[in-house]
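Trainee: sequence-free structure coming up:
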């Protein structure tokens with residue numbers, strides 16, 4: 001009899017915790033990443049899974065920023081070097097490539113695409129930032145606000161869905 005009561009109590013506690021969690025708003029909003037030496041924020045709602053750098057098959061006659069295609073969990077994904085797409089021609093060393101990670105776009109984007117990132121810096125909540133500025137003049141349309149954290153570090157927000165719909169992003173042919 002006590003086992004049945006303990007099970008009921010456990011179920012009640014779990015139901016209460018689930019109800020409480022659903023009532024709370026999610027405070028983590030961004031995946032903080034590094035591209036080159038700059039810091040960026042990718043909306044978690046637009047980001048998918050994170051992967052170590054897999055084997056990438058190059059595709060001929062494509063833009064320099066299009067790395068090729070990779071098999072990620074059985075799916076074929078286009079791999080885009082976001083830093084190169086933004087016009088930074090810096091060449092990564094072999095050691096830098098060893099630190100690279102891929103972040104896929106959320107499945108809702110409708111694109112099987114993974115972005116090359118130089119480093120993952122964790123999750124950030126709105127509370128981590130003390131200032132907000134507009135994107136610099138001449139920035140791509142997919143740049144969101146610039147946020148300044150409590151240490152004075154500037155973070156540029158990237159709207160991944162807006163990026164994925166740009167002509168430049170969709171035109172991989174050289």
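Mentor: On my side now, so go ahead. Note that the structure is predicted; figures quoted are calculated from it, not measured.
Trainee: which residues sit in contact with residue 43?
Mentor: 29, 30, 31, 157, 159, 160 (C-beta atoms under 8 Å, 6 or more residues apart in numbering). Heads up, the C-betas are built off the backbone N, CA and C, glycines and all.
Trainee: please enumerate the strands of the chain.
Mentor: For the chain, the strands defined by DSSP state E occupy 28-35, 38-43, 47-52, 66-72, 75-81, 101-105, 113-117, 119-125, 129-133, 143-149, 154-158.
Trainee: comparing those strands, which comes out most buried?
Mentor: strand 113-117 (a mean of 23; mean count of other C-beta atoms under 10 Å).
Trainee: surely residue 44 and residue 123 touch.
Mentor: Yes: counting by C-beta atoms under 8 Å, residue 123 is a contact partner of residue 44 at 7.3 Å.
Trainee: in the protein, what helix or strand scores lowest on average pLDDT?
Mentor: Lowest mean confidence among the helices and strands of the chain (mean pLDDT, DSSP states H and E): helix 2-23, at a mean of 56.
Trainee: and residue 172, how far from residue 102?
Mentor: 17 Å (C-beta to C-beta, to the nearest Å).
Trainee: who touches the nearest residue to residue 136 once chain neighbours are set aside in this structure?
Mentor: Ranked by C-beta to C-beta, 6 or more residues apart in numbering and with sequence neighbours excluded, the top spatial neighbour of residue 136 is residue 146, at 7.4 Å. Contact analysis of residue 146 by C-beta under 8 Å, 6+ apart lists 132, 133, 134, 135, 136, 154, 155, 156, 157.
Trainee: rerun at 10 Å
Mentor: 39, 41, 129, 131-136, 139, 154-157 (C-beta atoms under 10 Å, 6 or more residues apart in numbering).
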